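Student: Make a model of this:
(one chain, ligands or ions: 1)
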Amino acid sequence: MTEYEPVIGIEVHAELLTNSKMFCSCPVEFGGEPNTRTCPVCLGLPGSLPVPNRRAIEFVIRASLALNCEVKEYSDFYRKNYFYPDLPKNYQISQYDNPIGRNGWIDITVDGTVKRIGIRRVHIEEDAGKLIHASVGNESLVDYNRGGLALMEIVTEADIRSAEEAREYLVNLRAILTYIGVTNGKMEEGTLRCEPNISVRPKGTEKFGTKTELKNLNSFRAVYRGVEYEVKRQVEALQSGGRIIQETRRWDDDRGITIAMRTKEMEQEYRYFPDPDLVPMNFSAGLIEEQRSLLPELPQARKERFMKEFDLSAADAEMLTSTRAMADYYEEAVGAYPDYKGISNWIMGDFTRMLNSAGIEIDASKVKPVDLAGLLKMIADNVISGKMAKTVFEEMFNTGASPKEIVKSRGMVQVSSETELYPIIDQVISENPRIVQDFLGGKEKSFGFLVGQIMKYTQGRGNPQAVNQLLRKRLSETKG
Ligand SMILES: [Zn+2]
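Tutor: I've put the predicted structure just below:
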């Protein structure tokens, strides 16, 4: 049977973090009553004229540079013509021949191998309104609050060959875009939308197969599953003598399948032409260099530095640098107390779990980096045990209090001195003569029981190391 290989390109739309829309001064907000943030420009009323948002253009220049694209001094706006009620003008202002960025790339790592994914273009356009299909009757409603928002589109070359590469590309792209502060990258809210186009071809051939485009992928997991499903569907269709139709398909996350939506328009049907209402843009070399100077250390470089500087594994470093906020947090914490591995473990363990269940990002948490560092130091100094630290951290997370305050107010200081522990140890030994005999007779398991009893009397505050050491000493004395 013929073996097939997937050929995948990805289009990503990212809403830019501007205060106002792309061509008018309507505010950018989330939610609210439908059609409350509109004006003659974004409703496309006759006689209204668009004025480009300077900040949005600067953001797209910055993103292009971060994605290793060429940014030419000349760029212009085109009209993409189509008839659909989400677009009151019957055209979308977009870019065509002269996008802001082109010929870039990002590197991804899959199974330990670095692979370069080409970026064909990065351009700016306006978002469309949102159709709401009424649950009763046949009516559709439209909300233009989203219409005219500043949107950046990033298109890859057809370089991606698997669902894993598709997901990895998106993880890396999202990290870069959020690092440079041009989008919030929230896939579940639709501010970052991913649309892969997928085809398959017999292995070893050059010619592309017929492609389908996937929509409604609102998580990294959905991207992986959607691409995997679609590749399998196409291969099975071809192997059983069928053919692929060029169409747009919607991913149904609950059922785990893709469903045909509509056949895809050919490019010439959009009748692209330069927008006569908007003068071409001419960027000075100074403006481009200024945007380049605003780029922070990017995720890949930061990950490599974390591995070297903090002796972290690739997986740990990747996780800690997946958002700028988390990487900043980690660096501030290890700056206060250099337990690199310990702090990394806390952030990726209990802390992340609690952030996820609270539905917040690390920079919105009440726990200050210096306090997490303080907690680790208290464990290292034997002030509290690892087990007590979990209780302390929970309170830090809920109240924002420092670990010192919590330990003090709850009287949680660890018991480790002989004068405090010996009376308790002696009591436990005298209360459990049979178990002590078992231990002395060679039953090592009985030791654990005695430790447990001592911990119970100290209300969990006994320093495990000291308890172990002093109990063994006492028992050997008993034996003698
Ligand atoms: Zn408006």
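
Student: Only C-alpha atoms from now on, for both contacts and neighbour counts.
Tutor: OK.

Student: how does the protein divide up, domain by domain?
Tutor: As assigned by automatic domain parsing, the chain contains the domains 4-287, 297-409, 418-479.

Student: mind listing what the residue nearest to residue 49 when sequence neighbours are not counted touches?
Tutor: With CA to CA, 6 or more residues apart in numbering as the criterion, residue 49 has its nearest non-adjacent residue at 6.3 Å, and that residue is residue 41. Taking CA atoms under 8 Å, 6 or more residues apart in numbering, we find residue 41 in contact with 23, 24, 48, 49, 50.

Student: Can you check what pLDDT the model gives residue 41?
Tutor: pLDDT, residue 41: 95.

Student: got it, and residue 3?
Tutor: At residue 3, pLDDT is 92.

Student: so what's it up against?
Tutor: Contacts for residue 3 (CA under 8 Å, 6+ apart) come out as 202, 203.

Student: What distance do you get for it to residue 233?
Tutor: Using CA to CA, to the nearest Å, we find residue 3 at a distance of 14 Å from residue 233.

Student: Narrow the contacts of residue 41 to just the buried residues.
Tutor: With neighbours counted by 16 or more other CA atoms under 10 Å, the contacts of residue 41 contain buried members at 23, 24, 50.

Student: which residue packs closest to the last one, ignoring adjacent ones?
Tutor: So that's residue 50. The shortest distance from residue 50 to any non-neighbouring residue, by CA to CA, 6+ apart, is to residue 23 (4.8 Å).

Student: Which residues does residue 71 form beta bridges with?
Tutor: Beta bridges link residue 71 to residue 101, judged by DSSP bridges.

Student: residue contacts, it?
Tutor: Contacts of residue 71 by CA under 8 Å, 6+ apart are 61, 64, 65, 100, 101, 102, 288.

Student: Could you report the neighbour count for the first one?
Tutor: The local packing count at residue 61 equals 27, with neighbours defined by other CA atoms under 10 Å.

Student: Might one say that it is in contact with residue 101?
Tutor: Yes. Counting by CA atoms under 8 Å, residue 101 is a contact partner of residue 61 at 7.0 Å.

Student: still on that earlier bit, in three-state terms, label the residue nearest to residue 49 for me.
Tutor: Recorded secondary structure, residue 41: coil (DSSP: H, G, I helix; E, B strand; the rest coil).

Student: shift numbering so it begins at 269
Tutor: OK, 269 is where the count begins now, so the last one is residue 309.

Student: do you know how far it is from residue 348?
Tutor: 17 Å.

Student: Hmm, residue 391 is touching residue 363, no?
Tutor: Yes. In this structure, residue 391 is within contact of residue 363 by CA under 8 Å, at 6.2 Å.

Student: quick one, phi/psi of the residue nearest to residue 317?
Tutor: Main-chain torsions, residue 309, degrees, to the nearest 10: phi -70, psi -50.

Student: ok, it to the ion distance?
Tutor: For residue 309, the distance to the ion (CA to the ion, to the nearest Å) stands at 5 Å.

Student: go on, residue 499?
Tutor: Residue 499 is 41 Å from the ion, where distance means CA to the ion.

Student: Also residue 733?
Tutor: For residue 733 relative to the ion (CA to the ion), the value is 67 Å.

Student: since we're on that residue, how many residues are nearby?
Tutor: Using other CA under 10 Å, residue 733 is surrounded by 11 other residues.

Student: which ones are touching it?
Tutor: By CA under 8 Å, 6+ apart, residue 733 lies in contact with nothing.

Student: Could I get the buried residue list for whichever helix or strand it is part of?
Tutor: Element membership of residue 733 [criterion: DSSP states H and E] is helix 732-747. For helix 732-747, burial by neighbour count (16+ other CA under 10 Å) applies to 732, 734, 735, 736, 738, 739, 743.

Student: returning to what we had before: most neighbours, which of the contacts of residue 339?
Tutor: Highest neighbour count within these, by other CA under 10 Å: residue 368, with 29 neighbours.

Student: Now do the contacts for that residue.
Tutor: Residues in contact with residue 368, defined by CA under 8 Å, 6+ apart, are 328, 329, 332, 339, 340, 343, 389, 390, 391, 392.

Student: In CSV: those residues, plus distance to the ion and pLDDT.
Tutor: Putting these into CSV (distance: CA to the ion, whole Å; pLDDT from 0 to 100) gives the following:
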residue, distance to the ion, pLDDT
328, 21, 98
329, 23, 98
332, 26, 98
339, 29, 97
340, 29, 96
343, 23, 97
389, 27, 98
390, 24, 98
391, 21, 98
392, 17, 98
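
Student: on contacts alone, who are the packing partners of the strand or helix carrying residue 570?
Tutor: Element membership for residue 570 (DSSP H and E) is helix 567-578. If you count contacts as 3 or more CA pairs under 8 Å, 6 or more residues apart in numbering; DSSP states H and E, helix 567-578 packs onto helix 431-447, helix 582-588.

Student: list the buried ones in it?
Tutor: Within helix 567-578, judged by 16+ other CA under 10 Å, the buried ones are 567, 568, 570, 571, 572, 574, 575, 578.

Student: repeat for stretch 518-528
Tutor: 518, 519, 521, 525, 526.

Student: Could I get the average pLDDT for that stretch?
Tutor: Mean per-residue pLDDT for stretch 518-528: 94.

Student: May I have the predicted confidence score for residue 655?
Tutor: Residue 655 is given a pLDDT of 84.

Student: sec struct for it, please.
Tutor: helix.

Student: Burial check on it, number of neighbours?
Tutor: By the criterion of other CA under 10 Å, residue 655 has 11 neighbours.
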